[in-house]
Structures are given as C-alpha cells and as structure tokens.
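Engineer: kindly return the folded structure for what I paste below:
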Amino acid sequence: MEDLALEDDGDNAVDNENATANPQESSTELATATPEVKVNMDDDLGVSKFNLDDNLGVSKVNLDDDLGVSEVDSDDDDIFKSSRLEPEPAKAFPIGVSRATSEEPAETDIPLEDDEHPFEDAHLKPGLQLSGPSPTPATIQQQTLTSFHEEEAKREMEGGDEFIEIKVTSPHKVGEGMSSYMAYKVTTNTNLSYFKKSKPEVNRRFSDFLGLRDKLTEKYLQNGRIIPPAPDKSVVSMTKVKMSKEDDSSTQSEFVEKRQAALERYINRTARHPSLRVDPDFREFLELDAELPKANQTAALSGKNVMKLFSKVGDKVSLYTTKMEETDQWFEEKTVMIDNLDLQLRKVLVATESLTDYRKALSGHTYSLSKSLGMLGSAEDNSKLAAVISQLAEVEEKVEKVHEQQTKDDFYLLSELVHDYIGIVGSVKDAFNERVKAWQAWQSVQRELNKRRENKVRAELASKQDRVNQLRQEIAENESQLDMAQENFEKISRIIKNEFEAFNVKKCKDFKDTITNYLENMLKSQESLVTHWERFLPEIQQMEP
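Structural biologist: I've put the predicted structure just below:
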C-alpha cells in the first residue's frame with residue numbers, strides 16, 4: 001500500500017511540474033474553450049436597443065417612443081423603484097475578437113446581464129472626473145471660448161490607460177425666425193472599449209443635452225447617484241439669438257459662446273462618472289450620426305417642467321410633514337456642510353459677477369480713453385507732444401486688450417466654476433432627498449404592517465378565521481416588502497457615501513487647478529501691463545519741452 005501511495009504522489013508531482021512549465025498553453029486552452037458571449041440588450045429597464053452592423057459599422061437605434069426617452073415605470077404603487085438594478089450596459093468587442101482574448105484590462109469590462117450587482121464596485125473607480133495626481137500646470141494659453149478643462153483632459157489622456165475627451169465646437173444656427181435653433185458639433189476622442197467608434201462626430205442641439213440629462217436622472221437618481229447638472233435655459237437670450245440676423249453676430253456671440261463652454265463642461269463631467277458613461281443613451285448621444293428625436297418636454301414652459309415644479313413642492317411638503325429621524329451622524333454632518341457650502345458659493349458668485357462687470361466696464365472705459373487720446377494727439381500743434389500723446393493712446397489700447405482678457409478669465413475661470421458647483425451641490429441635495437424618500441417608504445411599510453397585525457389580533461378575538469387567513473397572507477407580503485425597503489434604504493445610503501466622497505475629491509481638485517490657472521493668468525496680465533508702461537516711460541522722459 002505504501003508503494004502505491006508513493007507512486008500516486010509521484011504522478012501528481014509530474015503533473016504539477018508539467019502544469020507549471022506550460023502556464024501559457026493552459027491559459028491558451030482556457031481562452032480557446034471560452035464560448036463567445038452574446039449580449040442581449042433587450043431588458044425590462046427601458047434601455048435603448050442597439051443592433052451592431054459588423055459590415056457597415058453603423059449603430060441602428062430602435063426608439064421606443066417619439067421622444068427617444070427610455071421607458072420608465074411610473075407606477076405609484078411601486079414604492080421600491082430605487083431597489084431595481086441600474087441599467088446594465090453591454091460591452092461591444094471589435095470584429096473577430098472574443099471576450100476571452102481581448103487585451104483590454106479587467107477594469108474596462110462592462111457587466112453583462114447575468115451580473116447580480118453590475119455597479120456594486122463602481123465606487124472603487126474615480127467619480128466625477130477623478131484623475132491621478134495633479135501635475136504642474138502647463139504653459140497658460142489665453143482663455144477663449146472653449147472650456148478651461150481642455151488642458152486637464154489632455155493630461156488625463158497622456159497619464160492613464162483609459163481616457164475620454166469631448167469637445168463642443170462650431171455653434172451654428174439652423175433655420176430662420178422663432179423656429180430656428182442653435183446646433184453644436186460634439187467631437188469625442190476615447191479608447192474606451194464599449195464605444196464602437198474612437199473619434200465620433202455628431203451634431204446636437206441644446207435640447208438634446210437637456211434630454212440626455214433627463215434620461216440619466218430617471219435611471220440613476222433614484223439609486224442615489226449624483227447627476228451633473230445641465231446648463232440653465234435662457235428664454236430671453238435665446239429669443240434674441242433666434243431673431244437676430246446673420247450680420248448682427250455681436251448680439252448673439254457672447255451668449256452662444258458662454259453656452260458652448262457650459263455644455264462642454266457638462267458633457268465632460270458626465271463622461272467622467274463611471275456609471276453614467278457606460279449608459280446606452282449616453283453612448284447613443286455621442287455616437288449616433290443622426291438627428292435625435294426632438295425632446296419637446298425640455299422647453300422652459302413645457303408640461304413636464306411644470307409637473308417637475310409641482311413634484312419638487314410636494315417633496316418639500318413631504319419632508320416637512322414626515323421629518324426623518326436621522327440616526328447616521330455622517331449624513332447629519334454632511335447635510336449641514338452642503339447647506340453651508342451652497343450658501344457661501346452663492347455669495348462668491350455674486351462677488352465674481354460684480355468683478356466681471358467691473359473689469360468689463362474698465363476695459364470699455366480704457367478703450368474710450370485710447371480713442372480720445374488719439375484724437376487729442378491729432379489736434380496738437382507741437383509735434384513732439386503729439387507723438388507722445390499718440391504713443392500713450394497706443395499703450396492704452398494695449399492695456400484695454402489686457403483688461404479684456406482679464407474679464408474673460410474672471411468669467412470663464414472663477415465665475416463659471418462657482419456657478420457650476422452651485423448646480424452640482426443641488427444635485428447632491430437631490431441624491432440626499434432620494435435617501436429620505438427611501439426612508440419614508442420604509443416607514444410607510446412598517447406602519448402598514450403594524451396596522452395589519454393589529455387587525456389580525458382583532459379578527460382572532462372575533463373568531464373570523466377567513467379574515468385571519470387573509471391577513472396572515474398580507475402580513476407575510478408586508479414583511480417581505482419591509483425587508484426590501486430596509487435593504488433599499490441601506491443600499492442608497494452606501495451609494496451616496498461613495499458618490500459624495502468622489503464629489504468631494506473632485507471639488508478640491510477642480511478648485512485647486514482653476515485657482516492656479518487663474519493666478520498664473522493674472523500674473524501674466526500684470527507682467528504685460530508692466531512691460532507696456534516700461535516701454536513708454538523712456539519716451540516721455542526723453543521729450544524736451
């Protein structure tokens with residue numbers, strides 16, 4: 001017996017040595033044996049359906065309704081709607097490459113439909129545009145009409161394996177009169193595997209951006225996700241743009257440029273959220289080279305927005321009538337912090353807007369002074385004095401350009417950053433309110449369960465056996481609902497904590513990078529002013545009376 005045991009042990013050792021010597025062959029056999037995964041996007045979550053045409057490389061989209069909005073179950077009885085899983089994105093692989101043999105890193109794999117919790121580990125990835133350690137700022141270029149995050153996106157592309165950069169450019173007017181609208185070219189540059197194209201270009205109107213935000217809110221806000229806010233609508237400014245003529249470009253240019261930069265910041269913040277950027281509606285927005293169905297419900301006075309207003313009022317009334325008994329100290333502290341942050345940001349916004357207006361007025365007055373000095377120099381009889389005054393007029397004109405650039409820095413860097421974060425703080429509050437709603441649903445089920453238990457006791461005392469049996473069944477259902485409600489509340493609490501951590505890190509990084517950029521631009525402006533005046537000073541000193 002001992003000889004047989006030794007012989008068996010020897011055979012096992014040989015097998016182990018063969019397996020160790022040929023790890024590559026073993027992995028190759030496993031990869032070859034892995035069946036090809038077919039992804040079915042047709043689920044009950046209301047996600048847009050994609051049919052990938054391998055020959056043409058064009059995405060065919062089947063829209064469930066006229067607006068292209070994903071179906072959402074709005075049944076009032078479904079008080080546990082936030083316990084449903086988020087839409088599960090599918091991963092598209094290049095032609096001829098299977099999932100097992102793909103060389104993409106494991107972090108880029110998108111959960112398939114058989115995953116129980118597709119976004120359970122989403123908090124481990126960076127949240128709202130989180131990247132690696134912030135490098136030293138590059139050489140500052142003049143801030144124009146594009147977003148000031150362009151340099152940051154380039155650094156992210158160079159520093160990480162995965163990247164996505166979106167630019168909103170080329171605003172152009174489509175149509176005439178009140179039926180016209182502004183369209184923008186949206187260009188994406190990415191290496192994310194679940195995008196079919198690496199550099200898609202599409203044209204999108206402003207209402208398309210708002211429609212995308214509404215779709216993402218309907219899917220993810222109920223689970224506690226922080227959805228980046230879209231730019232504000234401006235009926236008056238847009239009406240002026242619609243009624244302006246092509247020659248009158250100065251009237252519409254400033255408003256359109258500000259909106260273009262705001263749209264670019266919004267879409268890039270959405271793209272850097274690990275759960276939102278894999279959404280089929282988001283990918284369709286960036287890749288579908290066709291006009292999206294018009295989102296009529298995004299109008300400023302649409303029925304949907306009116307209903308949203310009533311819904312917000314109802315939520316506030318509900319919060320006051322059914323006040324949540326907060327047992328988590330973390331949420332209590334963060335709620336106070338968010339309210340204070342919102343208040344201080346609004347005060348800073350007023351100050352930055354006043355600074356921008358002042359600098360803009362200073363630029364205009366400097367320009368008027370330059371023109372007046374030029375006219376004075378042409379009227380002066382003394383040729384030397386006339387030459388000095390003319391040179392002073394030229395210096396003032398250069399100074400006016402510096403003030404104009406400072407005005408753009410005040411607005412596009414400081415003012416817009418603060419304005420954006422006021423909106424993001426509002427999104428954080430919305431996520432916190434969803435947790436309160438989940439708690440209220442939990443307590444509602446608890447009250448209903450207690451009521452049925454009391455009715456069951458009365459029925460037993462009255463010897464109503466049929467009623468007792470019915471109440472037993474209802475109590476069993478209520479107990480199951482109670483467990484689901486409690487689990488839903490705990491799940492939302494965990495997601496919000498992870499989302500808030502990502503928000504806080506990104507906020508610190510955004511303010512650090514923006515303030516650094518702003519200070520460097522201000523330093524360059526002051527150096528330009530000193531240079532202009534130093535060149536003029538010897539001229540006036542050498543002039544003889």
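Engineer: quick one, phi/psi of Ser463?
Structural biologist: phi 60, psi 40 (degrees, to the nearest 10).
Engineer: mean confidence for stretch 364-372?
Structural biologist: Per-residue pLDDT values across stretch 364-372 average out to 96.
Engineer: for that stretch, C-alpha coordinates in CSV please.
Structural biologist: Presented in CSV, the C-alpha positions along stretch 364-372 are these (Å, rounded to 0.1, in the frame of the first residue of the first chain):
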residue,chain,number,x,y,z
GLY,A,364,-14.6,99.8,-22.2
HIS,A,365,-13.5,103.0,-20.5
THR,A,366,-9.9,102.2,-21.3
TYR,A,367,-10.8,101.8,-24.9
SER,A,368,-12.7,105.2,-24.9
LEU,A,369,-9.7,106.8,-23.3
SER,A,370,-7.4,105.4,-26.0
LYS,A,371,-9.6,106.8,-28.8
SER,A,372,-9.9,110.2,-27.1
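Engineer: so what touches it?
Structural biologist: Here stretch 364-372 makes contact (Cβ atoms under 8 Å, 6 or more residues apart in numbering) with 393-394, 396-397, 399-400, 403. Every residue, glycine included, has its C-beta placed from N, CA and C.
Engineer: separate out the buried members of these.
Structural biologist: By neighbour count, with 16 or more other Cβ atoms under 10 Å, the contacts of stretch 364-372 hold 393, 396-397, 399-400, 403 as buried.
Engineer: tell me the one of those nearest Ala502?
Structural biologist: Ala502 has its nearest neighbour among the buried ones among the contacts of stretch 364-372 in His403, at 38.2 Å by Cβ to Cβ.
Engineer: how about the nearest residue to that closest one, chain neighbours excluded?
Structural biologist: Nearest residue to His403 in three dimensions, chain neighbours excluded: Ser363, at 3.9 Å (Cβ to Cβ, 6 or more residues apart in numbering).
Engineer: again, but for Leu355
Structural biologist: Of all residues beyond its chain neighbours, the one nearest Leu355 is Asp410 (5.4 Å), with distances taken as Cβ to Cβ, 6+ apart.
Engineer: I'd like to know how far the one you found sits from His403.
Structural biologist: 10 Å (Cβ to Cβ, to the nearest Å).
Engineer: the residue nearest to His403 sits in which helix or strand?
Structural biologist: helix 329-379 (DSSP states H and E).
Engineer: quick one, strands of the protein?
Structural biologist: Taking DSSP state E as the criterion, the chain contains strands spanning 49-52, 59-62, 164-174, 181-190, 201-205.
Engineer: nearest to Lys219, of those strands?
Structural biologist: Closest of the strands of the chain to Lys219 is strand 49-52, at 15.2 Å (criterion: Cβ to Cβ).
Engineer: that older thread, ok, so of the contacts of stretch 364-372, who is nearest Val202?
Structural biologist: Of all those, Val202 sits closest to His403, with 37.9 Å by Cβ to Cβ.
Engineer: I'd say that closest one and Leu362 touch.
Structural biologist: Yes - judged on Cβ atoms under 8 Å, His403 makes contact with Leu362 at a distance of 5.3 Å.
Engineer: my guess is Thr356 meets Phe411, correct?
Structural biologist: Yes - the pair formed by Thr356 and Phe411 meets the contact definition of Cβ under 8 Å, at 4.9 Å.
Engineer: any idea how many residues pack against Asp483?
Structural biologist: Using other Cβ atoms under 10 Å, Asp483 has 11 neighbouring residues.
Engineer: my bad, should have said Phe209
Structural biologist: Other residues lying near Phe209 total 24 when counted by other Cβ under 10 Å.
Engineer: again with the one 4 residues further on
Structural biologist: Other residues within reach of Arg213 by the criterion other Cβ under 10 Å amount to 20.
Engineer: with the one 4 residues further on instead?
Structural biologist: Thr217 is surrounded by 17 other residues when neighbours are defined as other Cβ under 10 Å.
Engineer: try Val457
Structural biologist: When neighbours are defined as other Cβ under 10 Å, Val457 has 12 of them.
Engineer: ditto for Lys258
Structural biologist: Counted with other Cβ under 10 Å, residues neighbouring Lys258 total 17.
Engineer: which ones are touching it?
Structural biologist: Counting by Cβ under 8 Å, 6+ apart, Lys258 has contacts 411, 416.
Engineer: for the stretch 401-545 of the chain, which segments count as helices?
Structural biologist: Assigned by DSSP state H, counting those that start in this stretch, the stretch 401-545 of the chain shows helices spanning 416-461, 465-542.
Engineer: still on that earlier bit, what about the residue nearest to His403, neighbour count?
Structural biologist: By other Cβ under 10 Å, the residues close to Ser363 number 19.
Engineer: identify the residues contacting it.
Structural biologist: 400, 403-404, 406-407.
Engineer: likewise for Arg359?
Structural biologist: In this structure, Arg359 makes contact with 403, 406-407, 410, judged by Cβ under 8 Å, 6+ apart.
Engineer: in JSON lines: those, plus distance to Thr531 and pLDDT.
Structural biologist: Formatted as JSON lines, the contacts of Arg359 follow (distance: Cβ to Cβ, whole Å; pLDDT from 0 to 100):
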{"residue": "His403", "distance to Thr531": "15", "pLDDT": "96"}
{"residue": "Gln406", "distance to Thr531": "15", "pLDDT": "95"}
{"residue": "Thr407", "distance to Thr531": "20", "pLDDT": "95"}
{"residue": "Asp410", "distance to Thr531": "21", "pLDDT": "95"}
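Engineer: Val425: which of those residues is nearest?
Structural biologist: When the contacts of Arg359 are ranked by distance to Val425 (Cβ to Cβ), Asp410 comes first, at 21.4 Å.
Engineer: how near is that closest one to Thr514?
Structural biologist: Asp410 is 12 Å from Thr514, where distance means Cβ to Cβ.
Engineer: kindly report the same for Glu326.
Structural biologist: Between Glu326 and Thr514 the distance is 34 Å, computed by Cβ to Cβ.
Engineer: got it, and Val174?
Structural biologist: Remark: distance between Val174 and Thr514 (Cβ to Cβ) = 33 Å.
Engineer: and what of Asn191?
Structural biologist: Distance check for Asn191 against Thr514: by Cβ to Cβ, it reads 27 Å.
Engineer: comparing the two, which residue is more hemmed in?
Structural biologist: Legend: neighbour count by other Cβ under 10 Å for Asn191 and Thr514, higher for Thr514 (19 against 14).
Engineer: tell me where the stretch 151-300 of the chain has helices.
Structural biologist: 206-220, 235-243, 249-271, 280-287.
Engineer: Val425 is nearest to which of those?
Structural biologist: Nearest to Val425, of all those, is helix 249-271, at 13.4 Å by Cβ to Cβ.
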